[in-house]
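# Just a sequence and a predicted model for now, questions to come.
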Amino acid sequence: MSLSKKVVREITGFTFSKIGTDPENWMKRAMDFKEAAILIAKSEEYSPPFPFYYNSGIALELALKSIAIAKSKVYEANHRLNDLCTLVGLNITKDQECTLELLSELIIWSGRYPVPKKEGQWNNYYDVVHEKHVVRENEGNVYRALANRDRFPTVENFLTLWKLCEIEYKSSFAKKA
């Protein structure tokens with residue numbers, strides 16, 4: 001007697017609902033994207049850094065969703081990292097909110113495409129989101145624009161946010177025990 005592949009998956013517990021609701025599976029995938037982001041950051045080919053931004057944003061999204069699953073929270077199917085932080089109760093600074101806002105945009109379109117599907121997203125990104133990460137200075141008649149190191153998704157800022165997610169993830173299991 002031969003069992004179907006679906007029956008074998010059900011017997012072994014390798015089902016859509018089981019895997020999809022296991023926070024450990026989500027966190028393992030998040031860790032894969034974290035490691036990819038770190039490898040890219042260490043690369044000599046680090047410029048432009050969109051692959052780093054995209055991988056770090058996805059890593060944080062999956063980590064936050066793993067926390068939501070561990071806490072039995074229902075989340076909307078979107079990529080808004082600040083919404084996920086609020087949902088899981090992760091306390092972050094204003095600068096970190098700005099970092100996550102930028103990473104959300106990068107997850108949604110900028111990390112994958114040169115332009116979003118809607119012009120309004122383009123305008124919002126450059127007029128609102130991107131501007132929060134730029135520091136403008138002038139000395140006499142010399143002007144320059146620099147990245148705000150406290151808000152920009154640097155490796156250090158990413159790893160600080162990752163550590164907060166790790167702590168929250170671990171504590172979500174400690175509270176159940």
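That came through, no problem.
# Could you give me the buried positions within the worst-scoring helix or strand of the chain on mean pLDDT?
Of all helical and strand segments in the chain, the minimum by mean pLDDT, DSSP states H and E falls on helix 16-20, at a mean of 81. Residues of helix 16-20 include none that count as buried (16 or more other CB atoms under 10 Å). Quick note: C-beta positions are derived from backbone N, CA and C, even for glycine.
# Tabulate the CA atom coordinates of the helix or strand following that helix in CSV.
Going down the chain from helix 16-20, the next helix or strand is helix 23-42, by DSSP states H and E. Extracted C-alpha coordinates of helix 23-42, given in CSV (Å, rounded to 0.1, in the frame of the first residue of the first chain):
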residue,chain,number,x,y,z
PRO,A,23,7.3,30.8,15.2
GLU,A,24,10.6,28.8,15.2
ASN,A,25,10.3,28.3,11.4
TRP,A,26,9.7,32.0,10.9
MET,A,27,12.7,32.9,13.1
LYS,A,28,15.0,30.4,11.3
ARG,A,29,14.1,32.1,8.0
ALA,A,30,14.6,35.5,9.6
MET,A,31,18.1,34.4,10.7
ASP,A,32,18.9,33.3,7.1
PHE,A,33,18.1,36.8,5.8
LYS,A,34,20.1,38.4,8.7
GLU,A,35,23.2,36.3,7.8
ALA,A,36,22.8,37.3,4.1
ALA,A,37,22.5,41.0,5.1
ILE,A,38,25.7,40.7,7.1
LEU,A,39,27.6,38.9,4.3
ILE,A,40,26.6,41.7,1.9
ALA,A,41,27.6,44.4,4.4
LYS,A,42,31.1,42.8,4.7
